[in-house]
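Peer 1: curious how this folds, go ahead:
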Amino acid sequence: MKKAFTLIELLVVIAIIAILAAILFPVFAQAKLAAKKTQGISNTKQTGTSNLIYMADYDDLMPNGWSRRSDNSHRWNTIHPAPSTAVLDGWEDPIIQSQVKSAWAEAIQPYMKNWELLNAPGQTLNAFAGTPSGTYAAQTGITFNGLLSNYSATAVVQQSTVPMFWTGTGELKLNGRSFSNPSLRCDLAVATCVFNPSGHPQGGTANNHSAFFTLGGKVWAYGDNRDSAAGGGGNIVTRTDSSTKFLRMGTAVDPAVHQTAATDPYALVATDGIGFSYWATSDDNCDTAPLNVGASRYVCFFRPDRRQ
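Peer 2: Alright, predicted model coming up:
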């Protein structure tokens, strides 16, 4: 005659299963996150490689970080349709669509041949901004360093350091849109707007010549530096030479403050994980960023002329 389990024995088995689940579930979650991060690294790397091939056909010039209107004013602070046909609300105008195609995300597509590579798995899809056209809408979590817009790759001082692409939308990915982050402040209706280490990118008055954006999500594409259980928060970066890796970022959470911009673009991250401060400097020395905050300045971590 087979002996049945007693109630106590069943409770012990259930307790053991619960303990194992508590141990293994976080392990499984971390493994899943690692797999997504690995795919994100691959996608960001391939985006950088596609851009290098693009530049080979354009005299080593980086693509435009954004489009220009017919009057030569710049959409430097505008999220663009991705592709150009994805959004209505005036974007369906053929002239405007042609302008949008000149911006980086669509300009490198002939060399990439896959919009999906601009997607970093693991990010949360943001709500669609605007009226969808009903055609294909790309999901993009990888952004272009707009300080490189139309800049010569050969003029980049440290190609193995300066970011070219990164998961600059943080925990969110854009739906049918693309973006450059950071970007140059191209306020004048003048065709040329290029990084100028000693002044305004269009020859205007001294000011903060770049803009570093938050899109409403936490700054980390992977992990969360406010919660050790979530893993160290950071983003994937592809440098100008196409070398790619995951970097811890936003490690100083308010009230902590970084006194350098050499290893982290964020001077501090707000307690909500969304807001942040950063060092914009007037020279190329990001290591001593607080000493270099003059009238003419750019986000130091992304400066094409940075030395660290």
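
Peer 1: state the distance from residue 299 to residue 249.
Peer 2: Separation of residue 299 from residue 249 (Cβ to Cβ, to the nearest Å) stands at 13 Å. Heads up, the C-betas are built off the backbone N, CA and C, glycines and all.

Peer 1: within the helices and strands, which one has residue 43?
Peer 2: In the assignment (DSSP states H and E), residue 43 maps to helix 7-56.

Peer 1: helices or strands next to that helix in the packing?
Peer 2: Applying 3 or more Cβ pairs under 8 Å, 6 or more residues apart in numbering; DSSP states H and E, we find helix 7-56 packed against helix 109-112, strand 163-166, strand 234-239, strand 244-248.

Peer 1: between residue 299 and residue 249, which contacts overlap?
Peer 2: Residues touching both residue 299 and residue 249 (Cβ atoms under 8 Å, 6 or more residues apart in numbering) are residue 265.

Peer 1: just give the nearest non-adjacent residue to residue 294, would you?
Peer 2: Take residue 294 and drop its neighbours on the chain: the residue closest to it by Cβ to Cβ, 6 or more residues apart in numbering is residue 282, 3.1 Å away.

Peer 1: mind checking how far the one you found is from residue 300?
Peer 2: According to Cβ to Cβ, residue 282 and residue 300 sit 9 Å apart.

Peer 1: which one of the two has more residues nearby?
Peer 2: More neighbours surround residue 300 than the other of residue 282 and residue 300, with 29 against 19 (other Cβ atoms under 10 Å).

Peer 1: before we move on, the earlier item: name the residues contacting each of residue 282 and residue 300.
Peer 2: Common neighbours of residue 282 and residue 300, counting by Cβ under 8 Å, 6+ apart, are residue 292.

Peer 1: secondary structure class for the residue lying closest to residue 46 once chain neighbours are set aside?
Peer 2: In space, and not counting its chain neighbours, residue 46 is closest to residue 117: 5.1 Å by Cβ to Cβ, 6+ apart. Secondary structure state of residue 117, per DSSP: H, G, I helix; E, B strand; the rest coil, is helix.
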